[in-house]
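Asker: Got a predicted structure plus its sequence, pasted below:
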Amino acid sequence: MIERFYLRDFLSFKEAELEFSKGLVVFTGPSGSGKSILMSSILASLGLDEAKAGLSEATINFPIKLDDIGIEDDECTVFKQIKKDKVRHFINNQTISKKVLLKLSNTFVRHLSLRDYSDFKNESLLDMIDSFTAQDSRMHQKKLSLYQNKFKSLSELKKELAKILNDEKKVVELREFAEFEISKINTISPEIGEDEELMKIKKELSKKEKIEEAINSAEEIFHYESSVSSALDLLDVESSFFDDAMNELRAHFEASKERLAELTECNIEEILTRIEQISELKHRYGSVEEALKYKDERLKELEIYENLDEHKAILNEKISSLEEAVVSEAKEISKTRLKSLKKIVLSFNDFLKQLYLRPANINLIQEELNIYGQDRVEVELNNTALEKVSAGEFNRLRLALLAVKSLQDNEGGILMLDEIDANLSGEESMSVAKVLSHLSKDYQIFVISHQPQLTSQADQHFFVQRDKYSSVKVLNNEERVNEIARMISGDKITQEAVEFARGLMEEKCV
């Protein structure tokens, strides 16, 4: 739930700070007072609306998986939006992108905006049906998971077969291309590390003459070796250190001469040509390792092309066997869903009856196999497609569907509703209030209302008014009676309106 909300510098609001309770939270007030602005700012703090306020901050008490986005969990989570030169979003004072914020908010907030069909998407409806089915059949989720794994495998096999059938049309060209690529790499036959060794030889060859001259000149030192040894003896200095140094120097010079002799046998033109060939391979494939890997892949392709008919036969056999299992399992899943669907339809129509709506049908229509099975869920209100029902009927349909879901899924969260009872009669508004009251056991619900019936059922009632700036305050019981009476009779409150308001308050849903 949202425990606290703070707003500063947003259109008609200079500043506002609100503390919310659980259950149904209703905002009322004259037209133009700022109710929609307030609702919009709450949504914006959670990334669900355009951020226009200088500052908005919502403190959330709800289990949110912050570890997934690298933020430490806390007892409460603070969502903050600041707008100066640009809009910035924060969670627990750590900067976060709007995209990640929106993804996170969608896990616990539902904003029922006008004509949003997301609740009636096939995947969403099937998830609901599967949740109810899992209660009646313990094996349902396991069977569904096994089916989905097999369907994925079947899809991969079909893709592989489709590629082979497509490749078969141009297999001669593909075979020739693979053979050409293999031949090109084999002609050079590169070895791993060869390019580094060749560059080393090239570098040594470029310095060969200078090295030879330097060694020849330096070898003059050996002519004075005996003279130095004699001088050290006369000085009574142990000469072993000098002998060791001279022997080590002689060994280095001898090794260098041997290496230079080897280099003399090298053909510089051949080395440069080889370096150029390997460089071309590296430029094309990235490295010698990648070139050899590419050759192996083409060799495997050739093997497939050579055994294409056999490979096709194996794939067709696998697909046929797996498809038979998938079709059979999809039918079983559909049968199990159908049993639970009857119970769901009864509950759905019970809520619709409370909302003064005609009965609805929820049917499973068989369609082409997909990851969810063979079922497409179709919802109709008294045989009328969803696209053709009125806005008021559509919103109440969604409420009924949410109420049904709450019977199975009591994880709760936050519901943000616009004027859900707009253009409804008093009875219809009260019916909406009763369903919202039912939902408020699991959800914290925010709603703007112009109807006394829904307002009377609120667990917390805020009044929004505007003089120079908009302001908002929570109402006590007596203030609520007067506000509901104003909604009934207008600015000139009558005694009859007050009595009627008291009666509505006394009928508050338990």
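Answerer: Done, it's in. Just so we're clear, the structure is a prediction, and the values are computed from it rather than from any experiment.

Asker: can you give me the strands in the stretch 351-500 of the chain?
Answerer: Applying DSSP state E, counting those that start in this stretch to the stretch 351-500 of the chain gives strands spanning 360-370, 373-381, 384-385, 413-417, 443-448, 460-466, 470-474.

Asker: Direction included, what does the shortest one pair against?
Answerer: Listed by DSSP bridges, the sheet partners of strand 384-385 and their directions read strand 373-381 (antiparallel).

Asker: ok, now how distant is the nearest residue to Q374 once chain neighbours are set aside from K84?
Answerer: With sequence-adjacent residues excluded and distances taken as Cβ to Cβ, 6 or more residues apart in numbering, Q374 is closest to A330, at 4.3 Å. Every C-beta, even on glycine, is put in place using the N, C-alpha and C of the backbone. According to Cβ to Cβ, to the nearest Å, A330 and K84 sit 55 Å apart.

Asker: Comparing those two, which shows the higher neighbour count?
Answerer: Between A330 and K84, A330 has the larger neighbour count (other Cβ atoms under 10 Å), namely 21 against 8.

Asker: Quick check: the more buried one touching N370?
Answerer: No: using Cβ atoms under 8 Å as the test, A330 is too far from N370 to be in contact (9.2 Å).

Asker: which SSE is the residue nearest in space to the middle of the chain in?
Answerer: By Cα atoms, centre = their mean, the chain has its centre lying nearest to K103, at 7.0 Å. According to DSSP states H and E, K103 maps onto helix 98-105.

Asker: partners of the next helix or strand after that helix, with directions?
Answerer: Moving toward the C-terminus from helix 98-105, the next helix or strand (DSSP H and E) is strand 109-112. Partners of strand 109-112 in the sheet, by DSSP bridges, are strand 413-417 (parallel).

Asker: Now the strand it pairs with - C-alpha only, PDB.
Answerer: Provided in PDB are the C-alpha atoms of strand 413-417 (Å, rounded to 0.1, in the frame of the first residue of the first chain):
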ATOM      1  CA  GLY A 413      -1.500  -4.500  -4.500                       C
ATOM      2  CA  ILE A 414      -2.700  -1.100  -5.500                       C
ATOM      3  CA  LEU A 415      -5.600  -0.200  -7.900                       C
ATOM      4  CA  MET A 416      -5.800   3.300  -9.300                       C
ATOM      5  CA  LEU A 417      -9.300   4.100 -10.800                       C
END
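
Asker: before we move on, back to that, so who does the residue nearest to Q374 touch?
Answerer: Applying Cβ atoms under 8 Å, 6 or more residues apart in numbering, we find A330 in contact with 147, 369, 373-374.

Asker: Neighbour-wise, give me the winner out of those.
Answerer: Counting neighbours by other Cβ under 10 Å, G373 leads the contacts of A330 with 24 neighbours.

Asker: Name whatever forms a beta bridge with that one.
Answerer: Under the criterion DSSP bridges, G373 forms beta bridges with N370.

Asker: my guess is it meets T336, correct?
Answerer: No: judged on Cβ under 8 Å, G373 makes no contact with T336 at a distance of 10.1 Å.

Asker: Low-confidence stretches in this structure?
Answerer: Counting by pLDDT under 70, the chain shows low-confidence ranges at 113-115, 409-411, 508-510.

Asker: domains for it, by residue range?
Answerer: If you go by automatic domain parsing, the domain ranges for the chain are 2-108+412-506, 172-308.

Asker: returning to what we had before: looking at this, the residue nearest to Q374 is in a helix?
Answerer: Yes: assessed with DSSP: H, G, I helix; E, B strand; the rest coil, A330 lies in a helix.

Asker: who wins for proximity to L346 among the domains of the chain?
Answerer: Closest to L346 of those is domain 2-108+412-506 (Cβ to Cβ; 15.9 Å).

Asker: Run through who's touching stretch 345-355.
Answerer: 358-362, 381, 396-397, 399-401, 403-404, 407, 428, 431-432, 434-435.

Asker: 6 Å instead, please
Answerer: Applying Cβ atoms under 6 Å, 6 or more residues apart in numbering, the contact partners of stretch 345-355 are 359-360, 362, 396, 400, 403-404, 431, 434.

Asker: same check, this time on stretch 66-78
Answerer: Outside stretch 66-78, the residues that touch it by Cβ under 6 Å, 6+ apart are 59-61, 64, 91-92, 94, 100.

Asker: check contacts around Q374.
Answerer: 330, 334, 366.

Asker: circling back to that earlier point, most surrounded residue in the contacts of stretch 345-355?
Answerer: Counting neighbours by other Cβ under 10 Å, R396 leads those with 26 neighbours.

Asker: returning to what we had before: can you redo the strands of the stretch 351-500 of the chain as a markdown table with distance to L48?
Answerer: A markdown table is the format used below for the strands of the stretch 351-500 of the chain (distance: least, Cβ to Cβ, whole Å):
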| stretch | distance to L48 |
| --- | --- |
| strand 360-370 | 28 |
| strand 373-381 | 25 |
| strand 384-385 | 28 |
| strand 413-417 | 7 |
| strand 443-448 | 12 |
| strand 460-466 | 19 |
| strand 470-474 | 20 |
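
Asker: looking at these, which is buried most?
Answerer: Most buried of the strands of the stretch 351-500 of the chain, by mean neighbour count (mean count of other Cβ atoms under 10 Å): strand 443-448, with a mean of 24.

Asker: Run through the neighbouring helices and strands of it.
Answerer: Judged by 3 or more Cβ pairs under 6 Å, 6 or more residues apart in numbering; DSSP states H and E, the packing partners of strand 443-448 are strand 24-28, strand 413-417.

Asker: nearest to F242, of those strands?
Answerer: F242 lies closest, by Cβ to Cβ, to one member of the helices and strands packed on strand 443-448: strand 413-417, at 88.1 Å.
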